[in-house]
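**Q** okay, here's the prediction I keep looking at, along with the sequence it came from:
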Amino acid sequence: MSLTLTRPYDINSCVRSLPARVFFAILLWMLWLSSAAAESLATVNLDIPPGKWKSIRLKNLPRDAVVAVQVVSNGGVAVAFLDSRDHQDFSRTSRPLFLGRLEKRVSFAVSIPAKGDYFVVLDNRSGQEPRAVTVMVRAARASTNQARSAKEILSRFEQQLHQIFVFDPFPTGVKQCGRPKAFAGTSGIFLCAEYVHYLYDVLKDQKRTKDALSFSLFHEAARALLSKWNHPFSANEEMADEFATVLMIMVNQKSRVFATAEYFIKNPSASETLLKLFGDGPHPLSVQRARNILSWARDPQLARKWQKVLVPHMQTALLRRLQHQPTPWTDLSLVENELLQRSSRSKTAI
């Protein structure tokens, strides 16, 4: 999929092509697991007596397949994901692919290291009460080409930002992080494949997932840009939220900002579920952060207020275009003053 601008540095082309194509393409790749309904392996209801354990066998899984598991129980039970060898004596296994304990619900995803049979084990041996458990398992084959495409798309996202702003390049990519995590590392934008799976699993809607993912990616881009520009509040997550809101307004994604913020405000249980999965990180949104974002998005002057920060980092060609074709958020005096300063510096250098 090409993300080339129809005209170089055309802000109107940027606002059309940057977010819409990037996030549509990412979601096509990242939702392959959720859309692979034909490869659904199991939805099983189990009753596990106290002092007992049961397992579900997943036959002949291919290497590098990704398996997503959701377990719902009426009480505490241990959960493990094991290969055939470990399943023979799972109480002594030292390296399960997954091992955890839930009270009501747990979700996880694993990448299959070698072709063979695998087992989801439900262990109630330490329990005093019977447990009613529902296990939902989905799997899809990994695709090197799909993974490569997703990484290329994120790289193009960064390249498109270069059409708007001046900054040193930062690395991008998609990773299997192996646990509920949104982004890996702090030196660039490395999206965890599990993040989209869990988002979709909780939100259960492709549009809502795309909206939430969009804001998360813009938040990471905002954080990376503020750091590159040595902004004094680059480590402040609230500042990154506000800047992400500004960026999305500037590239005509205001409707996604509203949709994401309003959804989490109206559905606090979804926010709480995701926050329990992902801990205290900036992804996904808490209800309070969603309220802040909605308040910023409703301010018609928000993007314009940020121009003092952004104009000094805008590409010269873009500033010239904004001078002749100003947008609603353009501060023309700032643009013209910045162009004069750059022209003066250029003459001095000569």
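**A** Thanks, I have the structure now.

**Q** got the contact list for stretch 324-342?
**A** When contacts are defined by C-beta atoms under 8 Å, 6 or more residues apart in numbering, stretch 324-342 is touched by residues 11-12, 249-250, 303-304, 307-308, 311-312, 314, 316, 319-320, 322-323. Placement of C-beta: from N, CA and C, glycine included.

**Q** for ChimeraX, what selects the buried ones among those residues?
**A** Remark: buried members of the contacts of stretch 324-342, expressed as a ChimeraX selection using 16 or more other C-beta atoms under 10 Å:
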select :11,249,250,303,304,307,311,312,314,319,322
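
**Q** from the contacts of stretch 324-342, which is closest to Ser126?
**A** Within the contacts of stretch 324-342, proximity to Ser126 (C-beta to C-beta) peaks at Ile249, which comes in at 52.8 Å.

**Q** which residue is the nearest non-sequential neighbour of that closest one?
**A** Among residues not flanking Ile249 along the chain, Ala303 sits closest, at 4.7 Å (C-beta to C-beta, 6 or more residues apart in numbering).

**Q** over to Arg304?
**A** Nearest-residue entry for Arg304: Trp329, 4.7 Å, with adjacent residues in sequence omitted and distances by C-beta to C-beta, 6+ apart.

**Q** tell me the SS of the one you found?
**A** With DSSP: H, G, I helix; E, B strand; the rest coil as the basis, the three-state label of Trp329 is coil.

**Q** next, count neighbours for it.
**A** For Trp329, the neighbour count with other C-beta atoms under 10 Å is 18.

**Q** then Lys266?
**A** Counted with other C-beta under 10 Å, Lys266 comes out at 11.

**Q** oh, and call the first residue 20 from now on, that's how I've got it
**A** Let's use 20 as the start, then, which means that last one is Lys285.

**Q** any idea how far it lies from Thr279?
**A** When C-beta to C-beta, to the nearest Å is the yardstick, Lys285 and Thr279 sit 11 Å from each other.

**Q** same question for Phe209.
**A** The value you get for Phe209 to Thr279, if C-beta to C-beta is used, is 21 Å.

**Q** buried stuff in stretch 301-319?
**A** By neighbour count on 16+ other C-beta under 10 Å, the buried set for stretch 301-319 is 301-306, 308-309, 311-313, 315-316.

**Q** quick one: contacts of that stretch?
**A** 201-202, 214, 218, 231, 234-235, 238, 256-257, 259-261, 264-265, 268, 273, 276-277, 279-284, 287, 290, 293-294, 297, 321, 324.
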